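>>> Have a look; sequence and predicted model below, questions after that.
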Amino acid sequence: MYVLLTADGLFYGGFTDDVGKRLATHNAGKGAKFTRPKARRPLRLLYAEAFDNKSDALKAEAAFKKLTRSNKETFLHERGVFDF
């Protein structure tokens, strides 16, 4: 699971087994529909976490996406991420 910061200040959570490749895909405008608009790029990786299996990673991604903006900020702060 990973969290990106868009150029317009929004958070995007996703899942991949290759964060670097996925970030490049997003920044090329070929990732998720949410990250495609030019106003959202470039995207910056804020956080990445490895899981033992895909199921747990997808659950973490889904839980992150359901959080409010304030709770997403708290999630990141609790993991030592403050630069956004």
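Arrived safely, thanks for sending. Numbering: from 1, shown residues only.

>>> After the longest helix anywhere in the chain, which helix or strand is next?
Assignment by DSSP state H gives helix 54-66 as the longest helix of the chain. Moving toward the C-terminus from helix 54-66, the next helix or strand (DSSP states H and E) is helix 69-78.

>>> Mind listing residues that contact that next one?
Val3, Phe11, Leu46, Tyr47, Phe64, Leu67, Phe82, Phe84 (CB atoms under 8 Å, 6 or more residues apart in numbering). In short, each C-beta sits where N, CA and C put it, glycine included.

>>> Buried residues in that helix, which are they?
By 16 or more other CB atoms under 10 Å, the buried positions in helix 69-78 come out as Lys72, Phe75, Leu76.

>>> Among the contacts of helix 69-78, name the ones in helices.
Counting by DSSP H, the contacts of helix 69-78 place Phe64 in helices.

>>> Isn't Gly14 up against Thr25?
No. Judged on CB atoms under 8 Å, Gly14 makes no contact with Thr25 at a distance of 10.2 Å.

>>> Among those two, which residue is more densely surrounded?
Legend: neighbour count by other CB atoms under 10 Å for Gly14 and Thr25, higher for Gly14 (21 against 15).
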